[in-house]
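*Asks:* just the structure for this:
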Amino acid sequence: MAEPASPASSTTGAGATTRGAYTERLWVPWWWWPLGIFVAALLAAEVHMGAPGVRAWLPYVVLVPFAAWTLVRMGSLRLSVRDGELRVGDAHIPVSLIARAAPVPATAKRAAMGRQLDPAAYVQHRTWVPTMVLLVLDDPDDPTPYWLVSTRHPDRVIAALQEAGLGAERD
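*Replies:* Prediction:
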């Protein structure tokens, strides 16, 4: 679920303003949690199958926390625009190097991720997020032509990028 942050200027804890502040975390859908825990418990029961001793409880102790850890890890991608920089997971790029930004609706996602996808593009795709944003780069030192990033709110991301300096005059 997105952590709401206005694409306009916002105030940080120190009282300084941050232009273009936006943060979103791409959590897995809520219904994956009961399903994942159920599958882990079912696998543990298959291993257990009435056996005495360690085989009776060890599969539950291992598989159920592993399923929870996997779901948390799958939903750990954070997208943020802050301090003139776009961060997607561990990757980051100054907003000044982004030439254009465009939303990719759910109807065009398949085409964008299919034959039209440039192999040199930076892609952060989450299947459970229906929309994406396309960020065309203007960096002669970087062979990456564009970033394609999953987001639930592409319009908010683009507004935050514009507030942070997207489309400003270049030297």
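*Asks:* domains for the chain, by residue range?
*Replies:* Domain segmentation of the chain under automatic domain parsing yields 32-74, 82-163.
*Asks:* next, count neighbours for the closest residue to residue 145 other than its chain neighbours.
*Replies:* Once flanking residues are discounted, residue 145 sits nearest to residue 118: 5.4 Å by C-beta to C-beta, 6 or more residues apart in numbering. Placement of C-beta: from N, CA and C, glycine included. Other residues near residue 118 number 11, with proximity taken as other C-beta atoms under 10 Å.
*Asks:* please apply the same query to residue 122.
*Replies:* 17.
*Asks:* residue 148 is in contact with that one, correct?
*Replies:* Yes. Contact criterion C-beta atoms under 8 Å: residue 122 and residue 148 qualify, at 7.3 Å.
*Asks:* overlap in contacts, those two.
*Replies:* When contacts are counted by C-beta atoms under 8 Å, 6 or more residues apart in numbering, the set common to residue 122 and residue 148 is empty.
*Asks:* contacting residues for the residue nearest in space to the middle of the chain?
*Replies:* Using C-alpha atoms, centre = their mean, the residue of the chain that lies closest to the mean C-alpha position is residue 77, 3.9 Å off. Residue 77 makes contacts with 25-26, 88-89, 124, 126, 150, as judged by C-beta under 8 Å, 6+ apart.
*Asks:* swap the cut-off to 10 Å and go again
*Replies:* Under the criterion of C-beta atoms under 10 Å, 6 or more residues apart in numbering, the contact list for residue 77 reads 24-27, 88-90, 124-126, 129, 149-151.
*Asks:* so which of these comes closest to residue 53?
*Replies:* The closest of those to residue 53 turns out to be residue 27 (C-beta to C-beta; 38.0 Å).
*Asks:* looking at this, the closest one is in a helix?
*Replies:* No. Looking at residue 27 with DSSP: H, G, I helix; E, B strand; the rest coil, it is coil, so not inside a helix.
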